[in-house]
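In: predicted structure and sequence below. I'll ask about it afterward.
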Amino acid sequence: MAAQLESSRAQRLLVLLEELNLEYDIKTYKRDKNALAPEELKNIHPLGKSPSVEIKIPGQETFVLAESGAIFEYLCAHFGKHLIPTRDLQGRVGEESEEFRRNRYFMHYSEGSLMSLLAIAAVMLSIYMRK
Ligand SMILES: N[C@@H](CCC(=O)N[C@@H](CS)C(=O)NCC(=O)O)C(=O)O
């Protein structure tokens, strides 16, 4: 596996790779002068998003995963089933476990709510530090 790292989301991914005891190489890419992805990263994934993960399985075509939440779900489904809460869905509303509902909440909260607050805080801090 080769993980493209340049952000805190990518650091979160490192924790998961260690937790799952997976073999991986890290590739770092410097953003361009507009803070966007360089062409080399766009060669890995057309949107140039970090993190992205190249999965290399001997005898199979290499493929790339992007979107931190999707990467986490994929890696946990294959290598970390113990990290996925049991559903207990049985087809009836409300019969899933509390753990399952909390997992879904935080998987979406991290990208859907928390990251925007952190991004605003980072911008405000950089403006404040320039004064
Ligand atoms: N929702 C995506 C966001 C990924 C993302 O936007 N990463 C930024 C770095 S924090 C990036 O790749 N920026 C470069 C670009 O968009 O050109 C995820 O969770 O992976």
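Out: Good, I have the coordinates.
In: pLDDT of the biggest helix by length in the chain, averaged?
Out: Identified as the longest helix of the chain according to DSSP state H is helix 115-130. For helix 115-130, mean pLDDT rounds to 90.
In: roughly how far apart are the nearest residue to Lys30 once chain neighbours are set aside and Arg31?
Out: Among residues not flanking Lys30 along the chain, Pro38 sits closest, at 6.4 Å (C-beta to C-beta, 6 or more residues apart in numbering). C-beta here means a position set from N, CA and C on the backbone, and glycine is covered the same way. Between Pro38 and Arg31 the computed distance is 7 Å (C-beta to C-beta, to the nearest Å).
In: cool, Ile84 as well?
Out: 33 Å.
In: centre of the chain to the host helix or strand of Leu17, how far?
Out: Using DSSP states H and E, Leu17 maps to helix 8-19. Helix 8-19 sits 8 Å away from the centroid of its parent chain (C-alpha atoms, centre = their mean, to the nearest Å).
In: what is that helix packed up against?
Out: strand 2-5, helix 68-79 (3 or more C-beta pairs under 8 Å, 6 or more residues apart in numbering; DSSP states H and E).
In: which one of the ones you listed is the most hemmed in?
Out: strand 2-5 (a mean of 20; mean count of other C-beta atoms under 10 Å).
In: tell me the predicted confidence for the nearest residue to Pro51 once chain neighbours are set aside.
Out: Leaving aside its chain neighbours, Pro51 sits nearest to Ala10 (3.9 Å; criterion: C-beta to C-beta, 6+ apart). Here, the pLDDT recorded for Ala10 equals 87.
In: if I look at Ala10, how far off is Arg130?
Out: Distance from Ala10 to Arg130, by C-beta to C-beta: 26 Å.
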